[in-house]
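Undergrad: take this sequence and fold it.
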Amino acid sequence: MPRQGLNTETVVKTAALLVEENGYENLTLHKLASKLNVKPASLYTHIKGIDELYVFLANLALNQLGAMISDAAEGKKRGDALRAVSVAYCNYVTQNPEMYQMIMKIPHTNSEELIKTGRIVKSVLFQILSQYTTDNAKIIFYSRYYHSILHGFVSLNRAGFFHDTFSTDASLWNIIDNFIEQLEKGEISVYEKQQLQNRNPAER
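TA: Model (predicted):
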């Protein structure tokens, strides 16, 4: 019989705390059960196993990140919205570095729920970028460009590559401002569909 008060939400939130305390790679069902003061077998009443737990954690992390960037972008347009989203994105990674790693597992889960949540999060960025162009292909390209900037920067920063006397914040804002300036001037080139089709698949 399930422990009174224990449910899937509590299990996932407790697992998220463990992830931040010990690292996502060190999460085990035995450690989670100990944290919840239950036997490991009791967890299977609420989750099917560690793989499903990873999906739940990734979904939680994605929703958390999505809420932060959505709140940051609310009421703002174009460059101001992109700058605000950048701050929110970096703040989330700083505050939840291990949960952020759970998001990176999403492409390997094949979870329809995660794909749906991901689309909702992406829609925030797409709405901002649609203020620069109505071309859907360009919006997708711009979003990948912007996401690559943010993920690449926070990943390198976490790895210790930017530990010097020059402000990391100033570095990021310069990069984001440069991206916005290119958008405003229409200077970001995008391959046309025909050009992409003619390229070697290995080069795409």
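Undergrad: pull the helix or strand with minimum mean pLDDT from the chain.
TA: Using mean pLDDT, DSSP states H and E, helix 193-198 stands out as the lowest-scoring helix or strand of the chain, at a mean of 50.
Undergrad: tell me the buried residues in stretch 95-113?
TA: Using 16 or more other Cβ atoms under 10 Å as the test for burial, stretch 95-113 gives 96, 98-103, 105-106, 109, 111. All C-beta spots, glycine's among them, are computed from the backbone N, C-alpha and C.
Undergrad: how close does Ile176 sit to Ser111?
TA: 31 Å (Cβ to Cβ, to the nearest Å).
Undergrad: so where do the helices sit in this structure?
TA: In the chain, the helices defined using DSSP state H lie at 8-22, 29-36, 40-43, 50-73, 78-95, 97-103, 112-129, 136-158, 168-185, 193-198.
Undergrad: any idea which of those helices is most buried?
TA: Of all the helices of the chain, helix 97-103 has the most neighbours on average by mean count of other Cβ atoms under 10 Å, namely a mean of 21.
Undergrad: state the mean pLDDT of that one.
TA: The average pLDDT within helix 97-103 is 92.
Undergrad: what is that helix packed up against?
TA: Secondary-structure packing of helix 97-103 (3 or more Cβ pairs under 8 Å, 6 or more residues apart in numbering; DSSP states H and E): helix 8-22, helix 50-73.
Undergrad: residues in contact with it: which ones?
TA: 16, 19-20, 23-24, 54, 57-58, 60-62, 64-65, 92-93, 154, 158 (Cβ atoms under 8 Å, 6 or more residues apart in numbering).
Undergrad: which residue packs closest to Tyr89, ignoring adjacent ones?
TA: Excluding the flanking residues, the one nearest Tyr89 by Cβ to Cβ, 6 or more residues apart in numbering is Leu150, at 5.0 Å.
Undergrad: please tell me how far that neighbour sits from Asp135.
TA: From Leu150 over to Asp135 the distance is 22 Å, taken as Cβ to Cβ.
Undergrad: check Ala73 too.
TA: Applying Cβ to Cβ to Ala73 and Asp135 gives a distance of 21 Å.
Undergrad: ok, now Val93?
TA: Here Val93 is placed at a distance of 30 Å from Asp135 (Cβ to Cβ).
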